[in-house]
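*Asks:* what follows is a predicted structure for the sequence shown.
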Amino acid sequence: MEGLDFYKLFQGFGTIAASSPTIIIARFSLMILGALLVYLGKRGILEPLLMIPMGIGMAAINAGVMFMPDGSMGNLFLDPMVSEPDELMNLMQIDFLQPIYVLMFSNGLIACFVFMGIGAMLDVSYLLDRPFSSMFLAMFGELGTFLTIPIAIYFGLNIKEAASIAMVGGADGPMVLFTSLSLAKHLFVPITVVAYLYLGLTYGGYPYLIRLMIPKHIRGIKPEPLKRKKKPINSGMKLTFSVLICTVLSFLFPVASPLFLSLFVGVAIKESGLTNLLNFISGPLLYGSTFLLGLLLGVLCDASLLLDPKVLILLVLGITALLISGIGGILGGYVLYFLSGKKYNPTIGIAAVSCVPTTAKVAQKEVSKVNPQAFILPQAIGANISGVITTAIITGIYITLLS
Amino acid sequence: MFLLAFVISMAVALLIYWIRQMLTSVRINSFFDEKSKIVVRRAVRIHKIHDKTLSLIAENTEHEVHPELLDFYQGINEQFVQPEDYHGDIKPIILRKRTTKRHKNI
């Protein structure tokens, strides 16, 4: 009993005692933040599918710090910075989330699974009905991916790092993963954490942006029915469309072809009537991937990682990119509002920021609060899907021109 | 880079528009749908309309002469009966009321 060291027995306390005051404050802050994210997810203010596993993961990783055999401090969850193969194989047998991180997260597989699930829930007929207005809005919704680059360069990032963080403005997690893997691998972890954290926050922040920029009487504009009856699109046509557009876009942008495949294979499964596959993709695959994604993101929010000064800059730049994209989308909506003779609801513009289907839901929710009769969801979904395509186009351009 | 992305996006929008037009044209549907085949046959043999104008047949020609046939774009006219006028005479179409219930397509 004499040799019993309290700090060695309860290593949580031991690591706290051995850490600097900054790390101590950061660890406790992140534990509290993790609990807060769970609460906000439960309340529906933030996306619960991501925030609940993320929050609990964040709290656990910052509490579960211990002394490793070599005397340094670490954890038994995962180490995202290891790349040397022997060490990696060793860690894969010890850290329980390391295999998932290495084999599913860092190679973008989990992002592709999520995209498949999203594709299986999409209805491309809205995009087929209004391709030009949807793609026009989508380009405005990408303003953040362009305008953040010079701001990032001003903060000391190089062009590749700037392009990687600017992609957060596209609000497409998989694209952010791919771009940072290709252009700035050393920033992959912090950029991904920033991206997914802020994608969850769009649910909470964008409604305020809409209310700030769009007055009530304009927000409540009810979309007019089409003057000319359009030819109906059946599931066979949508299936053919998904095959054609996937092939063409993959041909034009091979760097983004895994994502095009993932999205449109989901659409194709849905339209081909393969019920069992559809239930699998939109059920266990989507929700399983989302759960693991949220859990991994939370576990990656280690205090020592987030305290890196560069990460702080990335946090600021990420929110700047999303903010500029949101403003851009609404401005695009206003352009169509004036071009249509004040008949187009500019709130649809926020859905051009392609956080599918969150931003479309946000747009509909804000419009319904003012005018319950106004149903803008179809146009919003069209803009959402177009946003995915334009984000992929921009990903392809950045990787082609900058790598 | 924004201009490049904008131009490519508008080109993709044009592609999507073109795909939609192609997928909903009478001529493409005639490969899959019996009633579209009949419309195309009528266009070629009776009205002597060929090639690219076939996609407009519903709106320009048949709609004026036989509007009851052209529920094509609002759904297929279930009461359509194949006309016996391939020799140039446009006989009045006898519409038969269905006595049996329509089965839903599976």
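*Replies:* Received, thanks.
*Asks:* contacting residues around stretch A:10-27?
*Replies:* Residues from elsewhere that reach stretch A:10-27 (C-beta atoms under 8 Å, 6 or more residues apart in numbering or on different chains): A:5-8, A:62-67, A:73, A:303-304, A:306-307. All C-beta atoms are positioned from the backbone trio N, CA, C, and that covers glycine.
*Asks:* could you rerun that using 6 Å?
*Replies:* Around stretch A:10-27, the neighbours that count as contacts under C-beta atoms under 6 Å, 6 or more residues apart in numbering or on different chains are A:7, A:62, A:65-67, A:73, A:303, A:307.
*Asks:* of those residues, just say which sits nearest to B:K37.
*Replies:* When the contacts of stretch A:10-27 are compared for distance to B:K37, the smallest value, 67.8 Å, is given by A:N62; criterion: C-beta to C-beta.
*Asks:* which of the contacts of stretch A:10-27 ranks first by neighbour count?
*Replies:* When neighbours are counted as other C-beta atoms under 10 Å in any protein chain shown, the busiest of the contacts of stretch A:10-27 turns out to be A:N62, with 27 neighbours.
*Asks:* packing partners of the helix or strand containing it?
*Replies:* Using DSSP states H and E, A:N62 sits in helix A:48-63. Contact analysis of helix A:48-63 by 3 or more C-beta pairs under 6 Å, 6 or more residues apart in numbering or on different chains; DSSP states H and E lists helix A:21-43, helix A:286-300 as its packing neighbours.
*Asks:* buried ones in stretch A:272-290?
*Replies:* Within stretch A:272-290, the residues that qualify as buried by neighbour count (16 or more other C-beta atoms under 10 Å in any protein chain shown) are A:277-278, A:280-282, A:285-286, A:289-290.
*Asks:* out of these, which touch chain B?
*Replies:* Contacts with chain B within the buried residues of stretch A:272-290, counted by C-beta under 6 Å from any C-beta of the partner chain: none were found.
*Asks:* chain B: which of those is nearest?
*Replies:* The shortest approach to chain B among those belongs to A:L278, at 15.9 Å (C-beta to the nearest C-beta).
*Asks:* distance-wise, check the closest one relative to A:A120.
*Replies:* Distance check for A:L278 against A:A120: by C-beta to C-beta, to the nearest Å, it reads 6 Å.
*Asks:* and if you look at A:I281?
*Replies:* According to C-beta to C-beta, A:I281 stands 5 Å off from A:A120.
*Asks:* what's the burial count for A:F6?
*Replies:* If you count neighbours by other C-beta under 10 Å, A:F6 ends up with 9.
*Asks:* what's the closest non-adjacent residue to it?
*Replies:* Residue nearest to A:F6 in three dimensions, not counting chain neighbours: A:F13, with 7.0 Å by C-beta to C-beta, 6 or more residues apart in numbering or on different chains.
*Asks:* what's the distance between that neighbour and chain B?
*Replies:* Per C-beta to the nearest C-beta, to the nearest Å, A:F13 is found 52 Å from chain B.
*Asks:* ok, now A:I319?
*Replies:* Distance of A:I319 to chain B, computed by C-beta to the nearest C-beta: 21 Å.
*Asks:* give me the number of residues near that residue?
*Replies:* Neighbours of A:I319 using other C-beta under 10 Å come to 18.
*Asks:* next, it: phi, psi?
*Replies:* In this entry, A:I319 is assigned phi and psi values of phi -70, psi -30 (degrees, to the nearest 10).
*Asks:* any idea how far it lies from A:I165?
*Replies:* For A:I319 relative to A:I165 (C-beta to C-beta), the value is 11 Å.
*Asks:* what of A:V248?
*Replies:* According to C-beta to C-beta, A:V248 and A:I165 sit 29 Å apart.
*Asks:* cool, A:L76 as well?
*Replies:* Computed with C-beta to C-beta, the distance linking A:L76 and A:I165 is 30 Å.
*Asks:* more crowded one of those two?
*Replies:* Between A:L76 and A:I165, counted using other C-beta under 10 Å, A:I165 has the larger neighbour count: 33 against 15.
*Asks:* nearest residue to that one other than its sequence neighbours?
*Replies:* The spatially closest residue to A:I165, leaving aside those adjacent along the chain, is A:L317, at 4.8 Å (C-beta to C-beta, 6+ apart).
*Asks:* on contacts alone, who are the packing partners of the strand or helix carrying the one you found?
*Replies:* For A:L317, the element it lies in under DSSP H and E is helix A:309-339. Counting contacts by 3+ C-beta pairs under 6 Å, 6+ apart, helix A:309-339 packs against helix A:131-140, helix A:143-154, helix A:159-166, helix A:188-213.
*Asks:* rerun that using 10 Å as the cut-off
*Replies:* Taking 3 or more C-beta pairs under 10 Å, 6 or more residues apart in numbering or on different chains; DSSP states H and E as contact, the helices and strands that helix A:309-339 lies on are helix A:131-140, helix A:143-154, helix A:159-166, helix A:188-213, helix A:216-219, helix A:303-306, helix A:358-370, helix A:377-402.
*Asks:* out of the helices and strands packed on helix A:48-63, which is the most enclosed?
*Replies:* Neighbour counts (mean count of other C-beta atoms under 10 Å in any protein chain shown) averaged over each of those peak at helix A:286-300, with a mean of 22.
*Asks:* that one: how far from the chain's middle?
*Replies:* A distance of 12 Å separates the centroid of the chain from that of helix A:286-300, by C-alpha atoms, centre = their mean, to the nearest Å.
*Asks:* again with stretch A:358-376
*Replies:* 22 Å.
*Asks:* list the buried residues for it?
*Replies:* Buried residues in stretch A:358-376, counting neighbours by 16+ other C-beta under 10 Å, are found at A:358-364, A:366-368, A:370-371, A:374, A:376.
*Asks:* got it, and stretch A:390-403?
*Replies:* In terms of neighbour count (16+ other C-beta under 10 Å), stretch A:390-403 has its buried residues at A:390-399, A:402.
*Asks:* now narrow these to whatever sits close to chain B.
*Replies:* Within the set of the buried residues of stretch A:390-403, contact with chain B (C-beta under 10 Å from any C-beta of the partner chain) is found for A:390-394, A:396-398, A:402.
*Asks:* so A:G318 touches A:G169, yeah?
*Replies:* Yes. Judged on C-beta atoms under 10 Å, A:G318 makes contact with A:G169 at a distance of 8.3 Å.
*Asks:* can I assume the residue nearest to A:I165 is in contact with A:F155?
*Replies:* Yes. Proximity of A:L317 to A:F155 meets the contact threshold set by C-beta under 10 Å, at 6.8 Å.
*Asks:* CA atoms of the helix-or-strand element of chain A with minimal mean pLDDT as CSV?
*Replies:* Across the helices and strands of chain A, mean pLDDT, DSSP states H and E gives its lowest value to helix A:303-306, namely a mean of 74. Coordinates of the C-alpha atoms in helix A:303-306 are reproduced here as CSV (Å, rounded to 0.1, in the frame of the first residue of the first chain):
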residue,chain,number,x,y,z
ALA,A,303,-7.4,19.5,-26.4
SER,A,304,-3.8,19.3,-27.6
LEU,A,305,-4.9,19.2,-31.2
LEU,A,306,-7.4,22.0,-31.0
